Every structure is written in structure tokens, then in C-alpha cells.
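Trainee: Please work out how this folds:
(one chain, ligands or ions: 1)
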Amino acid sequence: MYMQKFQLKGERFGGASRGRGRFEILLNVMRPDYERPAPPPPMEPLYLPREDGRVQGEPLYVTVVTFPADVKGNTKIKAFRLGWCHLLPGNFTPSIAEIPSEVYHALRDFGYKSFRPGQEKAIMRILSGLSTLVVLSTGLGKSLCYQLPAYLYALRSKCITLVVSPLVSLMDDQLSGLPPKLKAACIHSNMSQKQREAVKAGQVHVLLLSPEALVGGGHAGSGCLPPTDQLPPVAFACIDEAHCVSEWSHNFRPCYLRLCKVLRERLGVRCLLGLTATATLSTALDIAHHLDIRDQEGIAVRSAAVPHNLHLSVSMDTDKDQALVSLLKGERFGALDSIIVYCTRREETNRVAALLRTCLQGIRKPLKWMSEAYHAGLSASERRRVQNNFMCGELRVVVATVAFGMGLDKPDVRAVVHYNMPKSFESYVQEIGRAGRDGEPAHCHLFLDPEGGDLHELRRHIYADTVDHYTIKRLVQRVFPPCKCRQIQQREGGGRSVGDTGQSVRVEPAQRVCHTHERAIPMEETVEALDVTEEGLETLLCYLELHPQRWVELLHPTLSMCRIMCYGGPQQVRKLAKVCPPVAVVLARRRLAGHKVEACDFLEFDVVELADTMGWQLPLVKRGLRQLRWVTEPGGGVHVEFSALSFYLRSYGDLTSEELDGVCAFLHGRVQAQERTQLRQLQACFRAFRSVAYQSCGSCMDELDEVRSLKLKGLLADYFEKRKELDAAWCGRKGAFLACHGDEKFSGRAVARIFHGIGSPCYPAQTYGRDRRYWRKYLRFDFNDLIRIATQEIIRTR
Ligand SMILES: Nc1ncnc2c1ncn2[C@@H]1O[C@H](COP(=O)(O)OP(=O)(O)OP(=O)(O)O)[C@@H](O)[C@H]1O
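Mentor: Residues are numbered from 1 along each chain as shown. Presented below is the predicted three-dimensional model:
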């Protein structure tokens, strides 16, 4: 059968000709256009949005609240604005017109009496099929925004809700914390067959999974989502920690960048819900862009302010160890249990935990454990032990890296101490947000290195993530190796260009001949050769995929090297070539390259490249090769093995050198912008903390100066608000500016220069300086912020 198929293909691609030329054509076919299988149709929303695009219940910005009957039995009805419900006295049960009663019943099924601010709007949007972003401080109830709609959708029809969360290690804990009414499972490699069947049969409402399990990634392993045709329809997808989607956020993860695309294109999901506790407005807008939220209403709530019950202080002690011990013995912290001390480095957590164990012994009636270290380097059982002791209140202090606390639902953490400076305001707000979730007073202290030592350490991390131009060039060479499509086309006498197909083409069709090729880039080998982390490589590849020209299309990572060992000797290899065309092609190519194949009993080759050259689908080739394992002969069997986990992608092979230069410049520009932004944020963070710092913690260890605490909160709010101002200003002008100059191909930097009144050869002051609406009009804003926002907007409107 293979032989027949292969011959047919050969004939189609000129296989009728004889001799060496025939081989060449057989061995290098032009790949036909790839047609991606259509995703399943999106699920119908539970409620249709109204004709004006609003969701049910939305006019409830004026919300009807029924007061309890008065002494005469009359019921009073009064209008309130949405969001005021939480200010009502506890004995009033708000009932909101227009929100269907089944939503309230479900809320009660979950054990809640009323919604918290923002929840109902987000929930009603999801039930109306509208993508939504919820930005809400930790502990304010974001989870209900996916739990309730997931439950209601599942009550209507058999379906599933996907919840993507980066907290793989905590997924089991997350499961046990879900309301009992909600049936949930999580995808991981230890999943039992029974659990898999339950998911496929639609017996679970919610499926938790890591981003890697959805889009594939180096360590997704066997914990992957079942194929789309084996899943019940997906009601909607929730992306927890949604700030990881935005490359401008403090916690960007490349896998997240591809999430929305995969959810839409592979699973047909239209409705996405993003949840995050920390995002500046510009990050929120960026996330909203990824979630394809077009209306402002889509950002349902935005309140990332520091809660009132947290009391903040900073000091610049020269002997931090001594200062930490004094602080924890002082009046402010001495009586507090459940304290988290954050350190940047793992070794430091062990050292500081031991220090506290020794120095705090016998100070007051001890809990069972005084202090323990926690970091990602500990064994899973050790981490679980420490976390359990802390959760049940038997451990007073946990000294941890930031690995501790994500997804932690302990309401009575009474203090968070930063032994080192956090890497950004967002991280700081997120980390201190783990204290005082029960609304009771909690204390937070930060030790700032007076010599700026932490600053150097954090800078090191930023530089470690960046890549130079030369490395980018080497990666680009691996992603776009030249193909033979043009020669084949010429030899075949013209042929058609990609543009002739009449299908949608993203790259300039005029000169393009190649329909893209499938390539594999082995992870381990490339990481070593280019000295870039796997995450770094993935980020660069994601940038290429998300570029408006869509330079590459990323597929699920695959094992790309195939080794075949024939224990029956060279004769057996030749026999295999007769029944398995891929083996025949490998042998033929070796022969053409001048190798002696007569004595060969071992083959090793890149199976992705082989499938591509043959114009066959990779799974078909792999299946054929795997079947060789069943060949049994008197001389011995055949050993077939696949290895080398690789990025697997489609890319063009006929890019001109100018285009390749353009790709390198684009990638390098992105990397540099990222580095500059992070360095600037770090510096701003340091300055802000220093401006409110005491010389030593002696000034705040017994009593807190509330003025300084409020000043720091003000600075944090400023950080978020300043961006807001810039965004608002830019939002007002961007359309007009870009529309005025529709013919120009601006870069973000060019726009920023004009807005700062800086002339350049392409955009001279004589011309652009005449337009007083823009020239020098944004001087008060940071130049790099302008570049960033302008670039985002240009990419978006292209
Ligand atoms: N409408 C509600 N009424 C009363 N309690 C609620 C309501 N919604 C949520 N809660 C409770 O608030 C607590 C925090 O909720 P949740 O874990 O969803 O917060 P979160 O915003 O997701 O926090 P984090 O950012 O840490 O994940 C939970 O104990 C939950 O039961």
C-alpha cells in the first residue's frame, strides 16, 4: 500500500521521468498547501446578548434591590448601582432583576448568598458567550467567575469547561478546594484510565490543565489534552493568572502567548475568561487584545490596589540577618503567627530558616515548628510537608522563594516579609496580597539592600533572558533553511505561485513559491548550540508566529530523530526498503550523497525532514516506521526508536536575504524593548521603595508609621495610574495620528520620536513639526513607554 501511494505521489510530482532526475524530484517534492482541519463549531451561549450588544442584567448598573418587608408587610424596592451590594447590611438579600433565577439558584447551590462586586457581571458575560477579563486582588473571589458558568453550562447540555492554570503542582489542591457541586478533573501524566474516560464521556464539568498540556511544550509529556474529536464540546475556557499572556507582564510565559490561538483554532473556543490579580491598565489592555475583547466592558473589574488592612514598611539595614531577627521579636511582628519570608535565592531560604530556628527559640510559646525553608529544589513530599504544616497553623514562619504561595488559600497569613527586593511592583503586590485575606490587619516589611545588591542580582536575571543579534541570526537560519521549491518549479516549467491558489496568503504572494515546509528544531541540541534557554527559544518562535506576517506556524512538539537497527544485517535493510517507502527514500538519499549503503544495518535520520521531503504527513511516516518493529526474521528483528524532543513548525524556505534580515531585526527589536522595559521597571521599583525606607527596622519594629505605609500605597497606585494616564492620552490620539498618516509605515520608535519632537531623516522636523497636535506633545511621558504602546498599536492595526 505504501509503495502504491508513494508511486502515485511520485507520478504526480514528475515520477514518470527516468534515472537520476526522477529520483531528485521524488526526493524533493513541493509540499502542497496545508489545510488545517476545521475546528468544531463554537458552543451556543446560554443567554443571547441583547441586540445592543449588552448582556442580560447589564442595565443593572441600576440594580433593583428588595428590602425586607416593613412592619406593615410592605416590600420596598430601591435602585442601586451595581457594585453597591457589598455595602448593604448583611440582613438584606439583594435580588437582582433580569439576572435569571437559575443563576441565583446555582449561587446558593455553591453555598453563597450574594455576589461580590464584579462577579455577576463577569458571570453574565460568560453565560452570554462574551470573552471577559477580570482583574481583582487576591482573595476577592475570581474563581466563582468560572465555576458558576461552568456549572450552568453543564446543567444545560453535555459540555466541559477548560481551566488553564500554571500551578501544576497545586492542581490537586485546587481540585479539592472546588465546590462539591462542581465535578472536576485535572490533566496530568498520572491520570488513570477511568479519569480519562470520565473526561471524554463529559462526566466532569471542569477540566484543569497546564498551558503546556494544551499547546504542547517541552515538558508536557503524556499529560496532554485528548484529541478534539474525543472531547465533549467546550463551553468556554478560563485562563488563570492571565497576566502571563502579556509579554509586558512581570510573569510572561511563552506557552501562554499561544494559548488563545490554540483554543480558537484547534478547539473552536470563542469565549475566553481571563483571571488575574495584578495587571496595570496597559497589561490589562494587552491581555484583552489577546483574548479578543473588543469592548471596554470586557474588562469586567479592575482593582489591583493594595488592600486597606495591609500595613507596609521598608528599611535599609546593613545587617539584614540581625534586623530580621529583631523585627520578628519586636512588638509589631512578635505576636504574629503564619509569616512568610520571601528570599530570591534557594540557598538563602535554607540559611535564613536555620537562623530563625536558632534565634527565635524560646521567645514565646512556640508552635510545633518555628521555621522551615520552601523552594522548588526540595522534593515534592518535603514541599507538601512544609506547606501542610503551614496551612494547619503548626509552622510559624516559612522562608521561601516565590515558588511558595501561588494558589495558596490561607486566609490568616498575618505577615509577609521580603528579605530581598521583589523584581517588580506587580510581584510585590501579588506577594504581599497573600497576607490578611481574611480582612484582619496584617503586616508587610521589605528589607532593601542599602548597597543596591539586590538590584544587581535582579538585573542579572534580566540580562540572562536576553539574546544578542548574532544568536538570533543563527536561530533564524535554523527556522528558515533554504528549500528547493524554486528549482523544482522552474524545472517543472513554471508551476503556480502560492498566490495563485486564491486562498488567503499572509506573506507577499508575488515572489513566494514555497508553501512552507515542516521542520524540527531539536530542543536540547539547540539550547546548547545557541546557549539560550528552552523558554527563551520558545518565546522567539512565538514572536514569529504572532507577527502579522505569521512567519511560522508552531505545531505540537515532537520526537524528530529516528533510529532503525536491523539485527538481520544489511540484507534486512534492503528488504525493509521494499515494504517501507520512507526507508527506501533514506537509502536513496544516502546513495545520492555518495555513501555506501550495501554494508549498512543502522539508519539514523530526521523523520520530520524526511516526511516533508516526501510530501507525506508526519504521523503517517512515523506509524509506518513503528510498524517495522513487528518484522520478525530468522536473523533477528528490527529495533525502531524515536528521540530528540523538538520544536515542530511550518516555515517558508524561500525567504530572500532582505526578508531574513527583516525577521532578525524584528526579533532583536522585541528582545531589546523587553530588556529596556524590565530594567526601567526595576529601577523605578528600587527608587520608590528607597523613598519610603527607614535607615533601620528599629524605627518600625514596635510601631508602624501609618504615613509611610500610605505613601508607599500611593506610589504603587501612582505606578498603575500613570500608565493609565498615558494609555488614556494615547487612546485618544492614536486613531487620529495613524489615520492621518495612513500611507506611512511607522515603527513604534518613529512614532515615539515624533511625539517627543525628535526629527529623523525619514520623519524630519520641518514636516512633522508643523503638526502641533502631536509634535512634542508627549514629552512628559517616558520615551520607552511610548515606543511600547505605539508598537502594540501598530501591530494591532496592521
Ligand atoms: N460571592 C461570594 N460570597 C462569599 N464568599 C465568596 C464569594 N465568592 C468567593 N468567596 C470566597 O472568597 C474566598 C476567595 O475566593 P477565591 O479563591 O476565588 O479568590 P481569588 O480571587 O481567586 O484569589 P487568588 O487570586 O488567591 O486565587 C474563597 O474562600 C471563596 O469561598
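Trainee: Near R770, how many other residues are there?
Mentor: 8 (other Cβ atoms under 10 Å). To be clear about C-beta, it is placed using only N, CA and C from the backbone, and glycine gets the same treatment.
Trainee: Give me the distance between it and H741.
Mentor: Using Cβ to Cβ, to the nearest Å, R770 is found at 13 Å from H741.
Trainee: likewise T516?
Mentor: Applying Cβ to Cβ, the value for T516 to H741 is 33 Å.
Trainee: Between those two, tell me which one has more neighbours.
Mentor: Using other Cβ under 10 Å, the more surrounded residue of T516 and H741 is T516, with 23 against 17.
Trainee: Retrieve the pLDDT associated with that one.
Mentor: Note on T516: pLDDT of 88.
Trainee: I'd like to know how far G769 sits from H741.
Mentor: 14 Å.
Trainee: cool, and R478?
Mentor: From R478 to H741 the distance is 37 Å (Cβ to Cβ).
Trainee: same deal with A684?
Mentor: Taken as Cβ to Cβ, the span from A684 to H741 is 32 Å.
Trainee: Find the centremost residue of this protein, please.
Mentor: Geometric centre of the chain, nearest residue: Y256, 2.0 Å, by Cα atoms, centre = their mean.
Trainee: mind checking pLDDT for it?
Mentor: Y256 carries a pLDDT value of 81.
Trainee: That one is in contact with L263, isn't it?
Mentor: No - using Cβ atoms under 8 Å as the test, Y256 is too far from L263 to be in contact (11.3 Å).
Trainee: Can you spell out which helices and strands pack onto whichever strand or helix holds R519?
Mentor: Assigning secondary structure by DSSP states H and E places R519 in strand 517-522. Packed against strand 517-522, as judged by 3 or more Cβ pairs under 8 Å, 6 or more residues apart in numbering; DSSP states H and E, are the following elements: helix 469-479, strand 552-566, helix 607-614, strand 638-651.
Trainee: Take the ones you listed and write them to JSON lines, including distance to K320, mean neighbour count and mean pLDDT.
Mentor: Shown next, in JSON lines, are those (distance: least, Cβ to Cβ, whole Å; neighbours: other Cβ atoms under 10 Å; pLDDT from 0 to 100):
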{"stretch": "helix 469-479", "distance to K320": "37", "mean neighbour count": "17", "mean pLDDT": "95"}
{"stretch": "strand 552-566", "distance to K320": "43", "mean neighbour count": "20", "mean pLDDT": "90"}
{"stretch": "helix 607-614", "distance to K320": "52", "mean neighbour count": "22", "mean pLDDT": "92"}
{"stretch": "strand 638-651", "distance to K320": "42", "mean neighbour count": "19", "mean pLDDT": "92"}
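Trainee: quick one: which of those is nearest A353?
Mentor: With Cβ to Cβ as the criterion, A353 lies closest to strand 638-651 of these, at 36.2 Å.
Trainee: Can you tell me which helices and strands that closest one packs against?
Mentor: Packed next to strand 638-651, using 3+ Cβ pairs under 8 Å, 6+ apart, are strand 517-522, helix 523-530, helix 534-546, strand 552-566, helix 607-614, helix 618-627.
Trainee: rerun that using 7 Å as the cut-off
Mentor: Applying 3 or more Cβ pairs under 7 Å, 6 or more residues apart in numbering; DSSP states H and E, one finds that strand 638-651 contacts strand 517-522, helix 523-530, helix 534-546, strand 552-566.
Trainee: Relative to L408, which of these is closest?
Mentor: helix 534-546 (24.2 Å).
Trainee: what sits up against the closest one?
Mentor: Outside of helix 534-546, the residues within contact range by Cβ atoms under 7 Å, 6 or more residues apart in numbering are 218, 254, 257-258, 465, 467, 475, 479, 523, 526-527, 551-554, 647, 649, 667, 670.
Trainee: could you give the angle of it to helix 523-530?
Mentor: Inter-element angle recorded for helix 534-546 and helix 523-530: 100 degrees (by axes from the mean of the first three to the mean of the last three Cα atoms, to 10 degrees).
Trainee: In three-state terms, label whatever residue of the stretch 401-550 of the chain ends up closest to the ligand for me.
Mentor: The ligand sits closest to D409 of the stretch 401-550 of the chain, with a gap of 5.5 Å, by Cβ to the nearest ligand atom. Classification of D409 by DSSP: H, G, I helix; E, B strand; the rest coil places it in coil.
Trainee: isn't it right next to G177, touching?
Mentor: Yes - between D409 and G177 there is a contact under Cβ atoms under 7 Å: 6.1 Å.
Trainee: Neighbour count: these two, which is higher?
Mentor: Neighbour totals were compared for D409 and G177, and D409 leads with 14 against 11 (other Cβ under 10 Å).
Trainee: Quick one: low-confidence residue ranges for the stretch 401-550 of the chain.
Mentor: Residue ranges of the stretch 401-550 of the chain with pLDDT under 70: 407, 492-510.
Trainee: Get me the contact residues on the stretch 351-500 of the chain for the ligand.
Mentor: D409 (Cβ under 6 Å from any ligand atom).
Trainee: now the strands for the stretch 351-500 of the chain?
Mentor: For the stretch 351-500 of the chain, the strands defined by DSSP state E, counting those that start in this stretch occupy 369-374, 395-400, 415-418, 442-447.
Trainee: Near the ligand, which residues of this protein are found?
Mentor: 112, 115-116, 119, 136, 138-144, 277, 409.
Trainee: one more time with 5 Å
Mentor: Residues of the chain that fall close to the ligand, judged by Cβ under 5 Å from any ligand atom: Y112, R116, T138, G139, L140, G141, K142, S143, L144, A277.
Trainee: residue ranges for the helices of the stretch 101-250 of the chain, please.
Mentor: Listed in chain order, the helices of the stretch 101-250 of the chain (DSSP state H, counting those that start in this stretch) span 101-109, 119-127, 144-156, 171-176, 193-200, 211-215.
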